[in-house]
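In: Next come a sequence and a model predicted from it.
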Amino acid sequence: MTLKKFRVPRLSQGSFSPERRLTRSLLRKAATGNVHAYVQATSSYSNFVSEYLYLAGLTDKSERHFEIKNVLADCWRYLPYTRRVSDFERFLQVRLERYQASSKPRFAAPHDSINKLSHEGRFLLASRILNNWSHKSVRLALRTKKKELSDSLMRLRCLLTGVEAEKLTWVEQAQIMRISELLEGGFSNKDCRKIEKEVSGQYHALQFKADWLSYRCELANLSSEMTLAEEELAELNASIIDLIKVQPMEKPRLYDSLVNQISFVRLPLL
């Protein structure tokens, strides 16, 4: 059975992938003070934030809901700094990094490897694997290059499945990288068959593939605990509206605003 038949869609309930053009339009309206446009634009990110926080150790639902509101309220506060959807996602990534030092996840098997994840690893797991963000969106949020992202995704999969890539030969690591890239999709059927032929009979590559596909099923079960039900999401959105109505926005300096129009590097101090 070929890898392309094993491609699994987003694990969380519902679809992330909002229409970016619509999201961009709503964020621009929100930047003028439209709280309802902001909540509409960011509701698709609520489950992503919930999943990241869960992975960071905030498994208590009430505590997690409280922090989701704080995160999105901060994003509202500094929304005038952003110009593009990618700017908003970059700011969101930076804001979430605050939980790296403050939280201590305590997951048991088969998810005990999550305890070892760095901020980048959690972000990759929540954005790319659980929410199916595009490679471009993830790269812009993390400010990483295409090759670096491929390497990070491969090492993330190795960590979660217990593969000690550093103990393998460079040829074996290259074969595992090929499998990881194939799991990411984007290859034609012809290229899939070619890659599978290249790694056929290679124990470490085939075991890596089998272990990852098995772990995806475990992630699907965990995902149901991390995501918000529709009624929870509606309640959360109402709470966020009440919160940001009295939350003034921070206006960037003219120089910062001009720089951010070219490259989103003038982030406010959090």
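Out: The structure has been received and is ready for your questions.

In: Residues in contact with stretch 234-248: which ones?
Out: Outside stretch 234-248, the residues within contact range by CB atoms under 8 Å, 6 or more residues apart in numbering are 35-36, 38-39, 42-43, 46, 65, 68-69, 72-73, 76-77, 228. Placement of C-beta: from N, CA and C, glycine included.

In: Give me the PyMOL select line for those residues, limited to the buried ones.
Out: To isolate the buried members of those in PyMOL, using 16 or more other CB atoms under 10 Å:
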select buried, resi 35+38+39+42+43+46+65+68+69+72+76+77+228
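
In: Need the max-distance pair from the contacts of stretch 234-248.
Out: Spanning the widest gap among the contacts of stretch 234-248 are Arg77 and Leu228, at 22.2 Å by CB to CB.

In: For Glu231, see how far away Arg64 is.
Out: 16 Å (CB to CB, to the nearest Å).

In: For the chain, give me the ranges with low pLDDT.
Out: The chain contains residues with pLDDT under 70 at 1-18, 101-103, 252-270.

In: Which parts of it are helices?
Out: 20-30, 35-55, 61-77, 85-96, 99-102, 119-124, 135-142, 146-161, 170-183, 189-199, 203-226, 230-244, 254-262 (DSSP state H).

In: and the direction of the first one versus that of helix 85-96, what angle?
Out: Same thing as helix 20-30. 70 degrees (axes from the mean of the first three to the mean of the last three CA atoms, to 10 degrees).

In: Would you indicate which residues of helix 20-30 are buried?
Out: So for helix 20-30, counting by 16+ other CB under 10 Å, buried means Thr23, Arg24, Leu26, Leu27, Arg28, Lys29, Ala30.

In: right, and out of the residues you listed, which lies closest to Ala205?
Out: Of all the buried residues of helix 20-30, Thr23 has the smallest distance to Ala205: 38.1 Å, by CB to CB.

In: Quick one: residues contacting that closest one.
Out: By CB under 8 Å, 6+ apart, Thr23 lies in contact with Ala41, Ser44, Val85.

In: which residues touch Arg178?
Out: Ile195, Glu198, Val199, Ala205.

In: List only buried entries from these.
Out: By 16+ other CB under 10 Å, the contacts of Arg178 give Ile195, Val199, Ala205 as buried.

In: which among these gets closest to Tyr99?
Out: For these, the nearest to Tyr99 is Ala205 (34.4 Å; CB to CB).

In: re the thing from before, possible to save the contacts of Arg178 as JSON lines with distance to Ile179?
Out: Formatted as JSON lines, those follow (distance: CB to CB, whole Å):
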{"residue": "Ile195", "distance to Ile179": "8"}
{"residue": "Glu198", "distance to Ile179": "10"}
{"residue": "Val199", "distance to Ile179": "6"}
{"residue": "Ala205", "distance to Ile179": "5"}
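
In: from those residues, which is closest to Thr59?
Out: Ala205 (34.0 Å).

In: what about Trp212, distance to Tyr38?
Out: Distance from Trp212 to Tyr38, by CB to CB: 37 Å.

In: what do you get for Leu124?
Out: On the measure of CB to CB, Leu124 and Tyr38 end up 26 Å apart.

In: now swap in Phe107 and tell me
Out: 33 Å.

In: now swap in Gly162 and tell me
Out: Distance from Gly162 to Tyr38, by CB to CB: 42 Å.
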